[in-house]
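Student: no sequence on hand, only this structure:
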């Protein structure tokens, strides 16, 4: 195996571990830091690192004025809205259930492509959509009797998934004119700016933060939002979109195992079955022609 390809595999595997464990750090942090404040702290760190990386690797890159509105809207949806739903969702439900619902993003993207770009729905894609819906229903049903509010948390996670699909569709034209590093950097800057007023609304909930929680915040900002994305882009360049999309399915596996061993979360039979069905649905939907492989770009 060529050394470059091996490095790409190592990069994407490491990224999947980082992103899978991000749900654990969010779960622990959001019990102390209000959801939007946590998002702001995380993306302030990520913004600084990504902007430095952009200026270092692409010093000549600038954002054209005509692209600024779309870049801003995509950043607001992909950062501000997405993490409003995700942080609130993880606070109310388990890290395991949250990651399993987020795994529906490739399937929802198929529906978005069909609705917006009139992409052809092949039989594997239709079957994948149906199975994915069934998997989500099982996960939601497993939380109906939970008094801790898991069901409402799962609804927030569905909101996060839909936000990411809208973000992905809005980002597609930008990817044709800018590098992936430039796109995510500018979107992160816009998203971080719009997180500020929402974080200020949580001022009365602010409290002293322990060193342990600050380490979790640093992990989310440095490793998940900055380093993780950089490694993901590197893996995309080396391995290609189709190959990388297969590794994405490891995220909920890592999250479920992390939730079980680190947070001592209980994994119900319905959640387990629903998760397996969702992962299977993504694989089935990806069994189209090579040009139609299902992809997912996650900013966990």
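Tutor: It's in. Note that the structure is predicted; figures quoted are calculated from it, not measured.

Student: and the next helix or strand past the lowest-mean-pLDDT helix or strand in the chain?
Tutor: Lowest by mean pLDDT, DSSP states H and E among the helices and strands of the chain is helix 241-248, with a mean of 67. Note on helix 241-248: by DSSP states H and E, the next helix or strand toward the C-terminus is helix 250-261.

Student: so which elements touch that following helix?
Tutor: On a contact count with 3 or more CB pairs under 8 Å, 6 or more residues apart in numbering; DSSP states H and E, helix 250-261 meets helix 3-29, helix 95-102, helix 269-285. (C-beta placed from N, C-alpha, C; glycine too.)

Student: if we use 6 Å, what do you get?
Tutor: helix 3-29, helix 95-102 (3 or more CB pairs under 6 Å, 6 or more residues apart in numbering; DSSP states H and E).

Student: residue 187 reaches residue 76, doesn't it?
Tutor: No - between residue 187 and residue 76 there is no contact, the gap being 8.6 Å when judged by CB atoms under 6 Å.

Student: more neighbours: the two, which one.
Tutor: Neighbours were counted for residue 187 and for residue 76 using other CB atoms under 10 Å; residue 187 has more, 26 against 20.

Student: what ranges does the chain have for its helices?
Tutor: Shown for the chain, the helices assigned by DSSP state H span residues 3-29, 35-57, 68-75, 82-92, 95-102, 105-117, 123-141, 150-175, 180-200, 211-218, 228-239, 241-248, 250-261, 269-285.

Student: give me whichever of the ones you listed is most buried.
Tutor: helix 95-102 (a mean of 29; mean count of other CB atoms under 10 Å).

Student: now that one and helix 250-261, what's the angle there?
Tutor: Angular relation of helix 95-102 and helix 250-261 on a 0 to 180 degree scale: 160 degrees, by axes from the mean of the first three to the mean of the last three CA atoms, to 10 degrees.

Student: hang on, residue 11 packs against residue 231?
Tutor: Yes - counting by CB under 6 Å, residue 231 is a contact partner of residue 11 at 4.3 Å.

Student: low-confidence stretches in the stretch 201-300 of the chain?
Tutor: Within the stretch 201-300 of the chain, the ranges that satisfy pLDDT under 70 run 241-243, 245-246, 286-300.

Student: local confidence estimate at residue 146?
Tutor: In the predicted model, residue 146 carries a pLDDT score of 54.

Student: go ahead and confirm residue 284 touches residue 123.
Tutor: No - applying CB under 6 Å, one finds residue 284 not in contact with residue 123, separated by 9.6 Å.

Student: what residues are shared contacts of the two?
Tutor: Listed as contacting both residue 284 and residue 123 by CB atoms under 6 Å, 6 or more residues apart in numbering is no residue at all.

Student: by mean pLDDT, show me the worst of the helices of the chain.
Tutor: Of all these, helix 241-248 carries the lowest average pLDDT, namely a mean of 67.

Student: I'd like the helices and strands packed on helix 250-261 laid out as CSV, including distance to residue 119.
Tutor: Listed next are these as CSV, based on distance: least, CB to CB, whole Å:
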stretch, distance to residue 119
helix 3-29, 25
helix 95-102, 22
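
Student: of all those, which one is nearest residue 265?
Tutor: With CB to CB as the criterion, residue 265 lies closest to helix 95-102 of the helices and strands packed on helix 250-261, at 5.4 Å.

Student: run the chain-centre distance for that closest one.
Tutor: 11 Å (CA atoms, centre = their mean, to the nearest Å).

Student: how about stretch 267-280?
Tutor: For stretch 267-280, the distance to the chain centre is 19 Å (CA atoms, centre = their mean).

Student: and stretch 134-141, by the same measure?
Tutor: With CA atoms, centre = their mean, you get 20 Å for stretch 134-141.

Student: what do you get for stretch 160-180?
Tutor: Centre-to-centre, stretch 160-180 and its host chain are 12 Å apart (CA atoms, centre = their mean).
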